[in-house]
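1. take this sequence and fold it.
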Amino acid sequence: MKKFGKRVASILGCGVLLLGSIGLSSSASVAHAAGDQPISDAELNQYISKMSLDEKIGQMFVSRTPQDTAQARADVAKYHLGSLIVYGADFTSVEGSTPEAAQTAFKNKLQSFQDSAKLPLLIGVDQEGGSVSRLSQNPLIANGRAFPSPQALFAEGGMAKVTQEAQQVGTILKNLGINWNYAPVADSTADTDSFIYPRTIGQDYTATADYISQVVPAWQNTGIAATVKHFPGYGSAVDTHTDFAVVTKSEEAFEKEDLLPFKAGIDAGVDSIMIAHIVMQSVDPVYPASLSKSVVTDLLRDKLGYKGLIITDALGMGAITKFAASHNNVPVDVLAVAAGNDCIMNDDYATAIPQIHQAVTSGQLSEQAIDQHVFRILSLKRKLGLLTAAQLETKQVRVDNVAYDQAKKTATVSGTVVDSNWQTGEPLTVKDDQGHVVATADVGAGGKFNFTIPLTAKAQQLTLTTGLPGIEDAQVTIEPLQAAKVDKTALQSLVNLGAAYAANDYTSDSWGKYQVALTAANQVWTNQEATQAAVDQAAQTLQTAITGLVKANVKINKDALQQLIDQVLAYDAKRYTTSSWTKLEAALAAAKQVFADKNATQPVIDHAVQVLKAAVTGLETQDSGAGQQKKVTFTDKKSPNKVRGDNNVMPRAGEKVVNGLVILGFVLILTTAGMIWWRKARD
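-> Model prediction:
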């Protein structure tokens, strides 16, 4: 407990001293927003799935910042760069004659880079201390502070001094807007003349592993990412900044010695590991480690089980340029991705991104692997508090629903402007496919909007736009106005009925008319735009044609019509009322026309008979005595010249004779009966 209390007091005291002496009290504005919801892995993957391939490849690049800051900002935006690295020139080029002015200018420059990025940038630096100390390049930015090497600090005060320095410098970096330090150095060598020795802790492999296990948390607890480098360990190899280095040590020797500090870093949860350019001959005798799948993926990722971010050392170093030159200028960035690196430290993004893109489309590289690299990059940004849920959202106009009202002939579109910075009340404009504004909508709380638009006979292609940069427009198709439902059931039934008809059964004239009507009906039936009126008319025409079909071999019988006409011709007009006789004459004329028509069908003939019968039945006779009229009823088809009426009808000549004889016989019977009665009475 005493040791723990002293350590806490030491940390707090140093923090107060540091902030008071160096004057760095505010960090860049990419810090995690208060109250912002944590981002899940699923949300990261969902965002990655919506990124373009070039956006994903751009995230993998760690580029040196051009000193033309306008160009740097433009490139960050254009190439979707994920990370930048600042060197000494970035510190010395800032304006300001006082520490406060220089620090403000430096932070503003880095913030301008962040403002140009769609996603927050990882901004890295080589701040090892000692000979590699970018903060030392401009004393004003560090307020004249010295930055000793870990080796010197260890000699002065042991591991406590080393971790204290890491905590203090990590805080300085974070306050300046730097969030990724390419330190600590995990190399170990007994060769004091080696180029790497001054940058190491100056201890053997075991002690170096202990150093790494303690200094990594010290760096990362300040809120910046640490990097263990240079995997798999330089040892006594030559400087790969200028030369090609081959290490002949066996893999077993590497595992017992050089890999120990890296294993300690992995166990300590180091955020990233940097790959050296040495050729690890026992593992891959051809490719430098940074370009070797055997080293990066098989050894580090799989065998050692490292799950964090893997980054190459700068690919512009001499070892890599010489390797490329001796291998037909092979695209080293493509090789670095194929090896399994998540981040590529190089400035050639303008040419390298298209090369990697082509390698993916050709199948040389897997886009799924690219997605995994980007996931690790975004995961680190999430851990550092750079990435917020709002930054992951795709700023866009989103259509949520389209509701149709056919009765009102309208469509109501509802949706959301997805932008956490959206101001309530800002308008949304709706344009047709010609660019004409057809509607506007006020966007309310939560980015919600809706608008109603009239339906037309044709579909409408609409664009919904805020008119603001960075917010994607939405397109929506409004379906056309639906026509009233047309009922073709009756027409279909008539068309189907014709399937049973045969041309040979009917006269050519009636069959020809039927075929014309049937063809027209089929055209209406197959016409999707046919109106109900057209369907009904086609059905009526076809029904008429069907009714008019005449059987070719059917004998026409006009006997009944002829007999009835003959009967009517014998009638005396003077015996009947004018109105009833006029009706009879009209029916008789029609019957004569049917009788004379050689093409008259049997139904037409029978109909004429019925009409003429009705006219005969309707005849009314004249009654001069009583002034009353009596109707005549036709009763005998076989004797058309015989018309029976009631008792008031005047009999013809033959009927008079018969009637007289009947009366005479009746009189004789009465007379005879009277005489017989008289004789009996007298006797």
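
2. alpha carbons only for contacts and neighbour counts from here, please
-> Noted.

3. so which residues of the stretch 251-400 of the chain form helices?
-> Ranges of helices in the stretch 251-400 of the chain, per DSSP state H, counting those that start in this stretch, are 251-256, 259-267, 293, 318-325, 332-339, 349-361, 367-383, 389-392.

4. then the stretch 51-200 of the chain?
-> Using DSSP H, counting those that start in this stretch, the helices of the stretch 51-200 of the chain run over 53-59, 69-78, 88-92, 99-116, 150-176.

5. pull out the buried residues from the longest one.
-> Taking 16 or more other Cα atoms under 10 Å as the neighbour-count basis, helix 150-176 is seen to contain the buried residues 150-154, 159-176.

6. endpoints of stretch 465-476, how far apart?
-> 11 Å (Cα to Cα, to the nearest Å).

7. next one: it to chain centre, how far?
-> How far stretch 465-476 lies from its chain's middle: 16 Å, per Cα atoms, centre = their mean, to the nearest Å.

8. show the contacting residues for residue 324.
-> Taking Cα atoms under 8 Å, 6 or more residues apart in numbering as the criterion, residue 324 is in contact with 330, 331, 332.

9. and those residues, which of them are buried?
-> Buried residues within those, defined by neighbour count using 16+ other Cα under 10 Å: residue 332.

10. tell me the one of the contacts of residue 324 nearest residue 224?
-> Nearest to residue 224 out of those is residue 332 (Cα to Cα; 28.9 Å).

11. now the closest one, nearest residue through space, not along the chain?
-> Distance criterion Cα to Cα, 6 or more residues apart in numbering; nearest residue to residue 332, sequence neighbours excluded, is residue 324 at 6.8 Å.

12. ok, for residue 291, nearest residue in space, not its chain neighbours?
-> Counting by Cα to Cα, 6+ apart, residue 336 is the residue found nearest to residue 291 once chain neighbours are left out, at 4.7 Å.

13. roughly how far does that neighbour sit from residue 114?
-> Per Cα to Cα, residue 336 is found 26 Å from residue 114.

14. also residue 203?
-> Taking Cα to Cα as the measure, residue 203 falls 39 Å from residue 114.

15. the two: who's more crowded?
-> residue 114 (24 against 18; other Cα atoms under 10 Å).

16. quick check: the more buried one touching residue 121?
-> Yes - assessed by Cα atoms under 8 Å, residue 114 is found in contact with residue 121 at 6.0 Å.

17. all helices for the stretch 501-650 of the chain, in order.
-> 508-526, 532-547, 559-569, 578-596, 602-617.

18. for the second one, packing partners?
-> It stands for helix 532-547. Counting by 3 or more Cα pairs under 8 Å, 6 or more residues apart in numbering; DSSP states H and E, the packing neighbours recorded for helix 532-547 are helix 489-497, helix 508-526.

19. at 6 Å instead, please
-> Packed against helix 532-547 by the contact rule (3 or more Cα pairs under 6 Å, 6 or more residues apart in numbering; DSSP states H and E) you find helix 508-526.

20. now do the buried residues in the helix it packs on.
-> Buried residues in helix 508-526, counted by 16+ other Cα under 10 Å: 510, 511, 513, 514, 515, 517, 518, 521, 524, 525.

21. what packs against that helix?
-> helix 532-547.

22. CA atoms of the helix it packs on as CSV?
-> Written as CSV, here are the backbone C-alpha positions of helix 532-547 (Å, rounded to 0.1, in the frame of the first residue of the first chain):
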residue,chain,number,x,y,z
GLN,A,532,-64.6,-0.6,-68.6
ALA,A,533,-66.7,1.1,-71.3
ALA,A,534,-64.5,-0.5,-74.0
VAL,A,535,-64.8,-3.9,-72.4
ASP,A,536,-68.6,-3.7,-72.1
GLN,A,537,-68.9,-2.6,-75.7
ALA,A,538,-66.8,-5.5,-76.9
ALA,A,539,-68.9,-7.9,-74.9
GLN,A,540,-72.1,-6.6,-76.3
THR,A,541,-70.8,-6.7,-79.9
LEU,A,542,-69.6,-10.3,-79.4
GLN,A,543,-72.9,-11.3,-77.8
THR,A,544,-74.8,-9.9,-80.8
ALA,A,545,-72.6,-11.8,-83.2
ILE,A,546,-73.1,-15.1,-81.3
THR,A,547,-76.9,-14.6,-81.3
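
23. tell me what angle that helix forms with helix 508-526.
-> Orientation check (axes from the mean of the first three to the mean of the last three Cα atoms, to 10 degrees): helix 532-547 against helix 508-526 gives 160 degrees.

24. quick one, grab the pLDDT at residue 682.
-> The model reports residue 682 with a pLDDT of 65.
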